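A.B. asks: Sharing a model prediction with you, sequence too.
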Amino acid sequence: MASVGLLVLIVCANVGGLLLARAAAREQEFAVRLAVGATRIRLVRQVFAEGLLLVAPGAMGGFAIALAGIPAVSRVLPPIRDVSTSLVALSLDADINWHVFMFLAGLSLFTVLLSSLSPALAVSRSNLDSLLRAARASRRWKGRRALITLQMALCTFLLAIASLFVRTYQQLQRTNPGFDRDHIATFTINVAGQPGGAALLRTFSERVRELPGVVSVAASSIGVMREHGESATVAPEGQRITRADFLNSNLNHVSPGFFATMGMHILTGRDFIASDTTAPKSTQPEMAVINQTFSQQFFPNTDPVGKQFGFAAGMLGVADGRFEIVGVVSDAKYRSLREPIKPMFYTLQADADQFVMYVRTRMRPESIIEPVRKVLASLDPSIPFLEVHTLAEEVDNTTAGDRLTAALSSLFGFIAALLAGAGIYGLLAYVVTERRREIGIRMALGAQPAQIGELIARQTLSMTAVGVTLGLGGALMAGPGIRSLLYGISPQDPRSLIPAVALVSLTTALATIIPALRATRVDPMVALRYE
């Protein structure tokens, strides 16, 4: 919304600057109309009609683009899941918000009228005799330069923020999740209410493991990379748990072979094995595998294998020895790529109504989906898959918001650069026209074309310097506000800010070339004879 608001300001400043320049060139037209009997009301009506003709097609064009664009944006949104990590059907209202649309249309009309009426009213209050005697007015509308400077500042700001978001998305894409995302397909299954569900799932896993190209099969009660997970408050056995320890660890319930299937590495100790599932739980602690961060935080500088940890009897108190550590596994992301690595422990999966199966293949994971579907259908056609994805898709879905933010902010920045370039070109084109007589005199007195081009270019240099400085200052001031949206970079990241400055400078240079060349080709004789 902030980007859209700034883009609207740039559009208004652009249109306002062009209309101010256009109105300045029409001073004599307004003066002649007044001289032959037109009233100020008639001038205002003329300007209003012209403004309405300018705004109406633009508003309708924007309306058409919005109708076509909103459904396209809705299609790239990530899937929405509930707290049990089940896919939720999402009904997205893709209708136009008429309050916002009418506000923007009204703002556009106000900009057009304000930019056109002020010169018309100024002429109506001026001395008509002096205006009519002056063959050509060459007033410098400082307001136009201020508007162009404002555009460049806002353009620099938008491009700098967009560059930060693009770099954030790139950093997320480069983030190592700690598991192999490229060779795994995921299947979410629910067997609630099915007789012999646990036995059916074991048979299903064995049949899938026999499929050609399948390396291994494992399951977990909670799917990874689904923006949800289970947390727990634990501490080493005998250690007191305080309020500061609340939900200090993540937890997942997995089957034997889960870590090998996911491409995670056992660093010390061992993995779960099939015989572990038959061990009596009433006489000994449950087995757990912890990650590196858990080991470093709760058992620093010691081998944690064989040690115990657990919960307190109440919210606070001394931790019991409910879990015994049998191994340490490498760190891996759990809910999303953005989530920092937290202490995490894994326990053996008990019989559950719903779980996520991970199938690791030697081929593209998409190719194993249909064979797995057929296996389940052959065992029990009444059991559907709730979700089927590749693990790479699951990972990408956690960055969908960042991808959309980077794409939209880049689009807004690109449009802002085009508008700023158009505004600079329009201003300089009018400057060359208004200063035609001055340029003719300078060249008649010996000025070289290069000097004339430098004269025009200098006018944009000051605007560029001020605009870029203000835009960068704004981006740096906005840093604390957008820090939570960034990942792996700081709001002052020079690799993000420098491209914004370079693009604004390039846009300015391109917009200056044609007016500057036109100024260097002014024929002194033609310019002076015309005046």
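C.D. replies: Arrived safely, thanks for sending.
A.B. asks: so what secondary structure elements neighbour the helix or strand encompassing His389?
C.D. replies: Per DSSP states H and E, His389 falls inside strand 385-390. Packed against strand 385-390 by the contact rule (3 or more Cβ pairs under 8 Å, 6 or more residues apart in numbering; DSSP states H and E) you find strand 184-190, helix 369-379. Heads up, the C-betas are built off the backbone N, CA and C, glycines and all.
A.B. asks: Give me the below-cutoff pLDDT ranges for this structure.
C.D. replies: Confidence mapping of the chain against pLDDT under 70 gives the ranges 21, 23-25, 74, 76-94, 115-143, 193, 195-197, 278-283, 526-531.
A.B. asks: Centre-most residue in it?
C.D. replies: The C-alpha lying nearest the average C-alpha coordinate of the chain belongs to Thr405 (Cα atoms, centre = their mean; 1.5 Å).
A.B. asks: on that earlier part again, packed most tightly, which of the helices and strands packed on strand 385-390 would that be?
C.D. replies: The densest packing among the helices and strands packed on strand 385-390, expressed as mean neighbour count by mean count of other Cβ atoms under 10 Å, is seen in strand 184-190 with a mean of 22.
A.B. asks: Just the residues contacting that one, thanks.
C.D. replies: Residues from elsewhere that reach strand 184-190, judged by Cβ atoms under 8 Å, 6 or more residues apart in numbering: 85-87, 201, 204, 223, 261-263, 353-361, 365-366, 368-369, 372, 376, 383, 385-391, 394.
A.B. asks: Weed out the non-buried ones from these.
C.D. replies: Buried members of the contacts of strand 184-190, scored by 16 or more other Cβ atoms under 10 Å, are 85, 201, 204, 223, 261-263, 354-361, 365, 368-369, 372, 376, 383, 387-391, 394.
A.B. asks: For the residue nearest to Glu387 when sequence neighbours are not counted, list each beta-bridge partner.
C.D. replies: Taking Cβ to Cβ, 6 or more residues apart in numbering, and ignoring the residues beside it in sequence, Glu387 has Thr188 as its nearest neighbour in space, at 4.0 Å. For Thr188, the beta-bridge partners under DSSP bridges are Val356, Glu387.
A.B. asks: And Ile241, by the same measure?
C.D. replies: For Ile241, the beta-bridge assignment (DSSP bridges) gives partners Gly317.
A.B. asks: right, and it touches Leu316 too?
C.D. replies: Yes: checked against Cβ atoms under 8 Å, the pair Ile241 and Leu316 is within contact range at 5.8 Å.
A.B. asks: Mind checking which of these two has more residues around it?
C.D. replies: More neighbours sit around Ile241 than around the other of Ile241 and Leu316, counting by other Cβ atoms under 10 Å; the figures are 21 against 13.
A.B. asks: if I look at that one, how far off is Thr433?
C.D. replies: Here the distance between Ile241 and Thr433 works out to 78 Å (Cβ to Cβ, to the nearest Å).
A.B. asks: now Ser163
C.D. replies: In this structure, Ser163 and Thr433 are separated by 36 Å, where distance is defined by Cβ to Cβ.
A.B. asks: circling back: the strand holding His389 vs helix 369-379, what angle?
C.D. replies: For the pair strand 385-390 and helix 369-379, the angle between their directions (axes from the mean of the first three to the mean of the last three Cα atoms, to 10 degrees) equals 160 degrees.
A.B. asks: Remind me what the helix or strand following strand 385-390 packs against, helices and strands.
C.D. replies: On the C-terminal side of strand 385-390, the closest following helix or strand by DSSP H and E is helix 391-398. When contacts are defined as 3+ Cβ pairs under 8 Å, 6+ apart, helix 391-398 sits against strand 184-190.
A.B. asks: Let me see the domain layout of this protein.
C.D. replies: The record, using automatic domain parsing to delimit domains, assigns the chain the ranges 1-137, 184-394.
A.B. asks: got CSV for the helices and strands packed on strand 385-390, with distance to Ala288 too?
C.D. replies: What follows is the helices and strands packed on strand 385-390, written out as CSV (distance: least, Cβ to Cβ, whole Å):
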stretch, distance to Ala288
strand 184-190, 23
helix 369-379, 30
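A.B. asks: Which one of the ones you listed lies nearest to Thr111?
C.D. replies: Shortest separation from Thr111 across the helices and strands packed on strand 385-390 is recorded for strand 184-190, at 51.6 Å, computed as Cβ to Cβ.
A.B. asks: State the helix or strand in which Thr149 lies.
C.D. replies: Element membership of Thr149, judged by DSSP H and E, is helix 142-174.
A.B. asks: Are we agreed that Val326 is in a strand?
C.D. replies: Yes: looking at Val326 with DSSP: H, G, I helix; E, B strand; the rest coil, it is inside a strand.
A.B. asks: For Leu348, see how far away it is.
C.D. replies: 10 Å.
A.B. asks: Overlap of the contact sets of the two?
C.D. replies: Counting by Cβ under 8 Å, 6+ apart, the shared contacts of Val326 and Leu348 are Phe272, Met287.
A.B. asks: on that earlier part again, Provide a list of residues in contact with the residue nearest to the centre of the chain.
C.D. replies: Phe165, Tyr169, Leu485.
A.B. asks: is it true that it lies in a strand?
C.D. replies: No: using three-state DSSP, the assignment for Thr405 is helix, not a strand.
A.B. asks: how close does it sit to Thr156?
C.D. replies: Between Thr405 and Thr156 the distance is 19 Å, computed by Cβ to Cβ.
A.B. asks: quick one on the thing from earlier: so which of the domains of the chain is the most surrounded?
C.D. replies: Greatest average neighbour count among these goes to domain 184-394 (a mean of 17), per mean count of other Cβ under 10 Å.
A.B. asks: Run a quick neighbour tally on Leu428.
C.D. replies: Using other Cβ under 10 Å as the criterion, Leu428 is surrounded by 24 other residues.
A.B. asks: C-terminal to the host helix or strand of it, what's the next element?
C.D. replies: When secondary structure is defined by DSSP H and E, Leu428 falls within helix 400-434. Sequence-wise, the next helix or strand beyond helix 400-434 is helix 436-444, with elements assigned using DSSP H and E.
A.B. asks: Can you give me the buried ones in that next one?
C.D. replies: The neighbour-count criterion (16+ other Cβ under 10 Å) identifies Arg436, Arg437, Ile439, Gly440, Arg442, Met443 as the buried residues of helix 436-444.
A.B. asks: Pull stretch 220-233 out as PDB, backbone CA atoms only.
C.D. replies: Taking C-alpha atoms only, stretch 220-233 is exported to PDB below (Å, rounded to 0.1, in the frame of the first residue of the first chain):
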ATOM      1  CA  SER A 220       6.400 -37.400  10.100                       C
ATOM      2  CA  SER A 221       3.300 -36.300  12.000                       C
ATOM      3  CA  ILE A 222       4.000 -32.600  11.100                       C
ATOM      4  CA  GLY A 223       5.100 -31.600   7.600                       C
ATOM      5  CA  VAL A 224       8.100 -29.400   7.300                       C
ATOM      6  CA  MET A 225       8.000 -26.100   5.400                       C
ATOM      7  CA  ARG A 226       4.300 -25.600   6.100                       C
ATOM      8  CA  GLU A 227       4.400 -22.500   8.300                       C
ATOM      9  CA  HIS A 228       3.200 -24.500  11.300                       C
ATOM     10  CA  GLY A 229       4.800 -26.800  13.800                       C
ATOM     11  CA  GLU A 230       4.800 -28.000  17.400                       C
ATOM     12  CA  SER A 231       6.800 -26.300  20.200                       C
ATOM     13  CA  ALA A 232       7.600 -27.500  23.700                       C
ATOM     14  CA  THR A 233       9.200 -26.200  26.900                       C
END
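A.B. asks: Is Ser496 within a helix or a strand, and which one?
C.D. replies: Assigning secondary structure by DSSP H and E places Ser496 in helix 494-520.
A.B. asks: Quick one: closest of the domains of the chain to Met477.
C.D. replies: In this view, the domains of the chain are compared for proximity to Met477 by Cβ to Cβ, and domain 1-137 is the closest at 13.0 Å.
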